[in-house]
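> Provided below for reference: sequence and predicted model.
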Amino acid sequence: MPEANLLIRSARLLAPGSAHHNQVRDLLIRQGQLTRIDEPGRIDYDSSGPVLEGTNLHVSAGWFDLRAHAKDPGYEAKEDLATLSRAAAAGGFTEVALLPNTKPIVQTKEGVQYLRRFGETQLVTLHPMAALTLETDGHDFTEMLDLHHAGAVAFTDGERSAWNADLLLKSLQYLAPVGGLVINRPEEPTLAYFGQMHEGLVSTRLGMKGLPPLAEELMIERDLRLLDYLLQQAGPKPRLHVALLSSVGAVELVRQAKRRGLPVSADVAAHHLALTDEALTGFDTNLKVSPPFRTEADRLALWAGLADGTINAIVTDHHPHDVESKHLEFDQAEFGAIGLETAFAVANTYNAGQLSLENLIEKWTDAPRRLLGLPLPVFEENKSLNLTVFDPTLEWTPTETGLHSRAKNSPFLGITLRGRAVAVINKGQVEVFRDYLKIPSA
Amino acid sequence: MTALSTRHLLGIKDLTENDLQLVFQTADEFKEVLNRPIKRVPSLRDVTIANVFFENSTRTRLSFELAEKRLSADVVNFSSSGSSVKKGETLLDTVNNILAMKVDMIVMRHASPGAPHFLASRINAGPHPANVINAGDGTHEHPTQALLDAFSIREKLGDLVGKKIAIIGDILHSRVALSNIFCLKKLGADVMVCGPSTLIPRYIADLGVLVSHDVREALRWCDVANVLRIQLERLQVKYFPSLREYALYFGINRQMLDELNKEIVLMHPGPINRGVELTSDAADSRHSIILNQVENGVAVRMAVLYLLAAQN
């Protein structure tokens, strides 16, 4: 429902740096621009126009997802860019960074431009990430400078780890002069062969091959050593981002590295903040994710890592699959879960006071943009807006029919969650979800 | 205590101790039947059972089929090695096709852990849910094997409370080991697992079992040694250097048994790799109840089928 004009009534603004931060305000929006912001009730408004009001509305910079699988081109039966964009908007995301694991892999200017061009017509901005190595197989470089200048916001082999230490080292080195970010999802492949779920008591009871935290931690240690090695020489600083921390040990490695001053950052997927391997006893393939759900101690360590700044950002790791890839025996099913529409609600629901709402929102807003060197949205009159309106107390239950994503592989179907986006505004377009919009009868 | 607590037999994990005792008591009766001149009873007349085997099996399939026929059930067999997915049809489609032909019970062996659970959860949604019996799901469970093993120990040594059972071999890839551990612990036995350290799951002690890497120590400790087949076909990556070395350091021979100077019960779920985990003179010694296990397998499977059919 695109709305040219909109009055958002009595919303609390979460915008650090703005004079209105943490204040309840009315916002008048025309053609996607903020025309007035003031204390509640002070703005004269044409009473026939649309009004957004609720009991507990909040407004923040538009949410940014640092990690989602596009599936388009190549796997459109799972998700295409249109369904992905709708799912993102419905989940409160105005910008999404896309992994290169499509078919073909995003490793050429054309690949980058296909994604960017589609995003140009949408409310949701799509930011392509390009492959670090050709075909993401770790054997040869992609043309990273060319891709960087074509608009690739980061370099990663996505769901595959950068196993080749030499290529990773040189990529960090090569991209440092242009400030390029290298993202690695750490997993030593030889320690993860045929693994299906977290290695522990639950996998033992289920007779399933485990994925030990060691596989993740060993590669993080290696990557940190590579960074150390590069920092010993003068010159521009390389930047490494560790994706999808999932274990106590992984969080601790990044924490110590940051204390030593290494240029490293990290993220966590929202679903890892909620679930543990205990949830897998029923062999539900929607819970088959990589890295796997680990133990309660690991889950709490991830929250602690967010709270003390070890973990910079929360991501959705949105990974759509069709039923043909999921309604299978557990070891035959693909890894991955969708998350764009549930990620905020999941993190918000399972936040047991570790983070203030303001800090939680920062993990989706300023943090990812800073990592990618992208501009932060501003709340200034007569400036184009990039914002998300949400209610952190609204309860709802994800269902297969209620989700906008083409894929339905969510671990949270049927589970009541708290918190939901109700509107997003970006690039002059306004999208309002649910029945929060009140249009007075003529 | 006349009915099971479950309508499928997916794993020992889901059974109560009462369930186990009920199976044993029922199997006692069927074992008596099997030793009569006329071995057939009409209990499952007009019940159709499909044996669906996605993995090779000789004795388990034969044992189920005999159990079914002794109960007068109508039996159909489907077997296909390798995953059904690679064949182009999903497991669910294959089974739904079989069920569409009005089958009442499905006995399934499959290489994927949890495959029977997946099936049971999908079948339960239908109007006339069939009973699912797990005849081995990958490295997860093999419940009827554990039941027949416990039944055979009970027959030989009486009540299992406090009995010491050593499970020796590839514990990591063994559904027999896992189901045996669950079963024996529920019955009050003490369990030790023994094998090369790479073939012992890292978290196995948390299941309440002792761990040893010394076969002689395990033999000295136990009342019963259940020796497992080295599952070379299930090893996707290398866990030990060679069968020769395994036989030298983890194999059991007659001399080792004689040196114990005690009564010991020797078991094996079959098929035996003679000369690897067991030498022939050990396998065929007076300690061995390996063929009793096979005989009891039919009685125990009759009991399971009979009790599950009674749930409908």
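Noted; the coordinates are in hand.

> Check which helix or strand residue B:249 maps to.
Element membership of residue B:249 [criterion: DSSP states H and E] is helix B:243-250.

> what comes up buried for the helix or strand hosting residue A:34?
When elements are assigned from DSSP H and E, residue A:34 belongs to strand A:33-38. By neighbour count on 16 or more other CB atoms under 10 Å in any protein chain shown, the buried set for strand A:33-38 is A:34, A:36-37. C-beta: built from backbone N, CA, C; applies to glycine.

> Same question for stretch A:16-24.
Neighbour-count burial for stretch A:16-24 [16+ other CB under 10 Å]: A:18, A:20.

> Over to stretch B:5-16?
B:6-15.

> Quick check: which of those residues are also close to chain A?
The subset of the buried residues of stretch B:5-16 within reach of chain A, counting by CB under 8 Å from any CB of the partner chain, consists of residue B:13.

> Pick the one among the buried residues of strand A:33-38 closest to chain B.
Of all the buried residues of strand A:33-38, residue A:34 has the smallest distance to chain B: 50.9 Å, by CB to the nearest CB.

> what pairs with that closest one across the strands?
residue A:29 (DSSP bridges).

> And it, what's its pLDDT?
Looking at residue A:34, its pLDDT reads 92.

> now the helices: where do they sit in chain A?
Using DSSP state H, the helices of chain A run over A:81-90, A:109-120, A:144-150, A:165-175, A:201-206, A:213-231, A:248-259, A:296-307, A:323-326, A:343-349, A:357-362, A:366-372.

> Then the stretch 51-200 of chain B?
B:59-70, B:84-87, B:91-100, B:115-123, B:143-157, B:175-186 (DSSP state H, counting those that start in this stretch).

> Least reliable of the ones you listed by average pLDDT, please.
When the helices of the stretch 51-200 of chain B are ranked by mean pLDDT, helix B:84-87 comes last with a mean of 56.

> Skipping its backbone neighbours, what lies nearest residue A:191 in space?
Beyond its immediate neighbours in the sequence, the residue positioned closest to residue A:191 (CB to CB, 6 or more residues apart in numbering or on different chains) is residue A:215, lying 3.8 Å away.

> tell me the contacts of residue 255?
I'll assume chain A. Residues near residue A:255 by CB atoms under 8 Å, 6 or more residues apart in numbering or on different chains: A:305, A:308, A:310.

> thought residue A:186 was touching residue A:241?
No. Counting by CB atoms under 8 Å, residue A:186 does not reach residue A:241; the two are 10.8 Å apart.

> one step back: determine which of the helices of the stretch 51-200 of chain B approaches residue A:46 most closely.
When the helices of the stretch 51-200 of chain B are ranked by distance to residue A:46, counting by CB to CB, first place goes to helix B:115-123 at 55.1 Å.

> which strands and helices sit next to that closest one?
helix B:91-100, strand B:105-110, strand B:131-137 (3 or more CB pairs under 8 Å, 6 or more residues apart in numbering or on different chains; DSSP states H and E).

> Run the angle between it and strand B:131-137 for me.
With axes from the mean of the first three to the mean of the last three CA atoms, to 10 degrees applied, the angle from helix B:115-123 to strand B:131-137 works out at 160 degrees.

> Need the residues that contact helix B:115-123.
Contacts of helix B:115-123 (CB under 8 Å, 6+ apart): A:282-283, A:328-330, B:8, B:10, B:54, B:91-92, B:95, B:99, B:106, B:108, B:110, B:129-130, B:132-134, B:137-138.

> Repeat the analysis, applying 6 Å as the threshold.
Contacts with helix B:115-123, where a contact means CB atoms under 6 Å, 6 or more residues apart in numbering or on different chains, come from A:283, A:329, B:8, B:10, B:92, B:95, B:108, B:129-130, B:132, B:134, B:137.

> give me every residue that touches the residue nearest to residue A:191.
Here residue A:215 is in contact with A:187-188, A:191-192 (criterion: CB under 6 Å, 6+ apart).

> what's the answer for residue A:65, then?
Residue A:65 touches A:93, A:96, A:315-316, counting by CB under 6 Å, 6+ apart.
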